[in-house]
Each structure stands twice: as structure tokens, then as C-alpha cells.
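Q: sequence? don't have it. structure:
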């Protein structure tokens, strides 16, 4: 195979700007310095440069991991021979998103059935508990730092269950993936886990798809990890230190994104063929957490249904990631119309699903290049900790007082509770007033602390499109707490032009967090409230809506309320020109 170049369609002035950016990267010897791991490309201060030095190990990951392929295959065979039929991968953010892509892209792989747990939602945890009881399950606890709260809580929950059933042999059903010497590695040794995979310390979580974090669960699922890495090595050669930026598939893509973002087109909108659609979730974290800093960045827009050109502002770059032969005709037609309307369109074609691996590497290089163009350190995440600190403070209150501090809704409408600083005469007017706070060039983010069920997702997508079409703003949809380890950095570190609808709901059932005086439901609610506080502290406008009772019925009410609010807003005030 060969690494496919990008196809780039844009107006002449945008194409000229990208060409000038590529020339500048060539003069600056960007590609050579990237592979030499020169931290000055992204940071000048000592602390920032240390973050860069400790975050570029992914460049050598395909070659390094190619040497582990036989070991991974042997381990997967041993797991099957031991009677395991299911593997549950437990992580957050960079330790779980590549496994999620593999699980959803290769559902029929011949190995263990792979599922991924990356939510504190108790209904989801209980469903995974039932699945684990129905098939002999191998559990993976994954955390780079070995201290990430969610996977440690998941691991404790399932280890407690396994200990009750298997006693001192409980650890045989567990694997840890972490850096060497972390608390998780030490715990795994004490509990005699079946295996500890020590990842390279100089690879950040969001760049770890082609390391043990992505490849161990892929191998257990029966994905051809050798084929993945062979293709990634082809992309590494195509993007290598001697390949000039215009011919470099990764750097060229980075120049398109970085330069067009400087010209106001900072919403990278992904249109992905159905078999590959989960890739958008991985790209969200890579772009948002790497570039959303210092009031700027690239906003990834994944899984937003395509609309007519009239519903888009001049802040979009569309990226079509298509699988050869996957029926891309309708999307191609809509994208052609968008290109004719003046929107830049990037096309990438994959031969088959194993081409995910070279795309991981292409996008990592592109993100690094875009960060350099934007003057951003692509290897730190200065705002991620804030919501975690808020959550921990709220959970400390639960430990002391036995309850989560939470105000009553300021307004109710049927099953909906709205938490607004200044409620209007009714809920529709309150939501209309909130939507009027949108800012030109901004975006609407739906943050859903709900189970990620198909019908729930369909209803949220309907609300999302309604908001997009009415406001002519980009929309994102993130499930909490996953997005906290993904787009959450952009929400707090990027431009203060977001408009956030944070949705919580009642939990029909709950599950205890072992060793703590609270449940996963309380943990999830504390994460939602902690992030709401952080968003408002950073000048973002956020409205919380709580769904009472059955989630889908309440979402239907929220959809009706949104339609009424849009109508009320258009009648009550002149529509803004974005």
C-alpha cells in the first residue's frame, strides 16, 4: 500500500494561504525538527519544553510496537485457551478511545468480544456487570498515570465481584495497562494480575492509539495488529523527516487545519463513512485537547448530520473520511454542494478498515503541525484538572455530610427541571433567552450525562440539528464524563464562545463505588456539577436541564421545548446575523 495524499478543495485565497503556510514550514525545517523531537517548535519555556520532550514517543510507536506483535498474539491465544470469551476494557480518554474505535469498527473480529467502559453511568456499569456474568470475562484496567479516578473505580467494582467469586485467584482475570511504576502497576503486582503492560512513558494518552493502550485490546479482540502496524509504518515513511511539507500527508493536513483556523475556519467538521464512524470520537480528543488552549484552537465537530450550505457559517472546514466501496454517494453530493458554496473540503480515502492505523499516525502528525502553526503546545492539557478538582471537592462534601450539595431547579416544565440564574416567564422563554446569548463564530455544545443508548442518541441528535439550523452555529454532542477527558480541554481553554446545554437525568438503578460512601450515580452527578462550575468560571454560558423519569420521554419534551424556544426567540427579537 501507499499512504494516500489528501484531496483539498477550496477557494483560491484559502489555497494560497495554505501553500504559503507549507512554504513557511519548509523554511523552518518543521518536518526534520519534528522527527528530531525539537521542543522549540511548540514551546519556549522550560516547563512547556519538558511536556513536549515527554510527549513525542508516539513518532516511534509503529516501529517499536511491531517488535511486540508476536507477544501480543501469544497472549491473546493464551486468553482464549484459558476460556475467556469477553474482554472489558476500562479506561477514560486516551486510554479508552482507541479501544472504542476498534470495538465499533471490528465487531466481527474472531477473538474475544470487546466492550469498553468509559462512563460512570450506573445503568451502563450494571449492564456490563450482567454481560461479565454471562460470559467468562477478562478485565483490562487502563490508565497512563495509574491514578485516573474512573478506571480505578471500575476496576475496584469488578475486582470486588471477582474476589467474592474466585478468592485469591481474582487477579488472574485482570490486566493493567499503565506506565511503569504507577500506583496501578503496584496494585496489579500486589493482586497478581495476569499481566501488566508497561507503556512507553513518553507517549501522552491521546497519542497512544498505536501503543499497548490500543493494541492490547485490539489483539485480544482478534484484530490483525501486525497488519495495522505494517500500514502505520508506510505512513511513517510517507511523513518522514526527508519528505517536504507539500508532499507530506500528515503535515499537509496540519497546514490546512492550522492556516484555515487562523483565517476563522476553526470548526473541523468530520463526515465519516459508517463503518469508520467511531474514528470521529477519537479525533475529538486528539484535536480538542491538543489545540484548545490560550483562547484559541481547533473545534472538532463529529457525527453532526450534514445540512444544506445555508445552515453553515464561514467557520467550517469539512473533512470527508470515506471507506472505498462503502456507499459514500449521498455524502459526496452534499460535500460537493458545500465546496461549490465556498467551504473548504478535505477528502481522505481508506482502502479498508485496517487503514485506521495509518490514519491514527497521519492525524497525530497533522495535529502537531497545526499546533505549531497556531503557536500552541500540542502536548499539554492545562485545563483538564479543573473539573476534576471541582468534582473531588463535591465528593468530599458527600463524605462529610452524606449528600451531594445541589440546589433545586429554578423552573420546571413537565419532566424537565431548568437551572437558570434568571428564569423568564416560562421554560420556553428561559431557553429562548439562553439561546440569544450565542456569539458569532461560536458553537453549541450538548453535554449529556446519560446512558449512550441508540434511542437516546437519536433524540439528542434531533435536538442538535434543530439548534444548528436555527442558530447557524457548529454543534457538538459529548457524553459525560467521557468528554471531560476529550473536548473538555477546549471548552475551558479554547475561545469563550460556547453555549452549553448540560443535561442530567434520574438514575433508574445505581451501583456502589467500593470503598466510598457514594454510588456511581452520585459520582456522575458530581462530575456534571463540577464541570458546570468550571465552564461558568471560564466565561462560558451554560444551562443545566435535568430530565425526570424516563430519559427518552423527557428528551421528547426537551425537543418540544427547544422548538418552542426557537419560535419564541424568532418572534420576540430580530434574528442575529452570524
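A: Sure thing, it's come through. Note that the coordinates shown come from a computational prediction; the quantities given were computed from them, not determined experimentally.
Q: what does stretch 36-56 contact?
A: Contacts with stretch 36-56, where a contact means Cβ atoms under 8 Å, 6 or more residues apart in numbering, come from 30, 33-34, 59, 201-204, 207, 241, 368, 371-372, 376-380. C-beta: built from backbone N, CA, C; applies to glycine.
Q: now the end-to-end length of it.
A: End-to-end distance for stretch 36-56, by Cα to Cα, to the nearest Å: 10 Å.
Q: same check, this time on stretch 54-65
A: Start-to-end, stretch 54-65 (Cα to Cα) is 18 Å.
Q: let's have the chain start at 619 instead
A: Okay, residue one is now 619; in that scheme the one you just asked about reads as stretch 672-683.
Q: pull out the buried positions in that stretch.
A: Using 16 or more other Cβ atoms under 10 Å as the test for burial, stretch 672-683 gives 673-677, 679-680, 682-683.
Q: nearest to residue 1155 among those residues?
A: Nearest to residue 1155 among the buried residues of stretch 672-683: residue 673, at 26.9 Å, using Cβ to Cβ.
Q: surely the closest one is in a helix?
A: No: counting by DSSP: H, G, I helix; E, B strand; the rest coil, residue 673 is not part of a helix but coil.
Q: tell me how far it lies from residue 769.
A: Computed as Cβ to Cβ, to the nearest Å, the residue 673 to residue 769 distance reads 21 Å.
Q: try residue 624
A: 35 Å.
Q: more neighbours: these two, which one.
A: Taking other Cβ atoms under 10 Å, residue 624 and residue 769 do not tie; residue 769 has more neighbours (27 against 17).
Q: so what's the more buried one up against?
A: 708-710, 713-714, 759-761.
Q: pretty sure it sits in a helix.
A: Yes: assessed with three-state DSSP, residue 769 lies in a helix.
Q: for the protein, longest helix please?
A: helix 1169-1190 (DSSP state H).
Q: contacts for it, please.
A: Against helix 1169-1190 from outside (Cβ under 8 Å, 6+ apart): 1031-1034, 1045-1054, 1068-1069, 1071, 1073-1074, 1077-1078, 1080-1081, 1084-1085, 1088, 1121, 1123, 1163, 1165-1166.
Q: out of those residues, which are inside helices?
A: Short answer: the contacts of helix 1169-1190 in helices (DSSP H) are 1045-1053, 1073-1074, 1077-1078, 1080-1081, 1084-1085, 1088.
Q: circling back to that earlier point, of the contacts of helix 1169-1190, select the buried ones using a PyMOL command.
A: Selection of buried members from those for PyMOL, criterion 16+ other Cβ under 10 Å:
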select buried, resi 1031+1033+1034+1045+1046+1047+1048+1049+1050+1051+1052+1053+1068+1069+1074+1077+1078+1080+1081+1084+1085+1088+1121+1123+1163+1165+1166
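Q: so residue 742 is in which element?
A: Element membership of residue 742, judged by DSSP states H and E, is helix 740-752.
Q: what helices or strands is that helix leaning on?
A: Secondary-structure packing of helix 740-752 (3 or more Cβ pairs under 8 Å, 6 or more residues apart in numbering; DSSP states H and E): strand 704-708, strand 731-735, helix 767-784, helix 1138-1155.
Q: please redo it, this time with the cut-off set to 6 Å
A: Helix 740-752 sits against helix 1138-1155, with contacts defined as 3 or more Cβ pairs under 6 Å, 6 or more residues apart in numbering; DSSP states H and E.
Q: give me the contacts around the helix it packs on.
A: 738-740, 743, 1004-1005, 1008-1009, 1012-1013, 1022, 1067, 1098-1099, 1110, 1118, 1120, 1122, 1125, 1128-1129, 1131, 1160, 1162 (Cβ atoms under 6 Å, 6 or more residues apart in numbering).
Q: quick one: buried residues of it?
A: Applying 16+ other Cβ under 10 Å to helix 1138-1155 flags 1138-1153 as buried.
Q: how about residue 908, nearest residue that isn't a chain neighbour?
A: Distance criterion Cβ to Cβ, 6 or more residues apart in numbering; nearest residue to residue 908, sequence neighbours excluded, is residue 996 at 4.2 Å.
Q: between the strand or helix carrying residue 1161 and helix 1072-1089, how big is the angle?
A: Taking DSSP H and E as the definition, residue 1161 sits inside strand 1159-1165. Note on geometry: by axes from the mean of the first three to the mean of the last three Cα atoms, to 10 degrees, strand 1159-1165 and helix 1072-1089 are set 140 degrees apart in direction.
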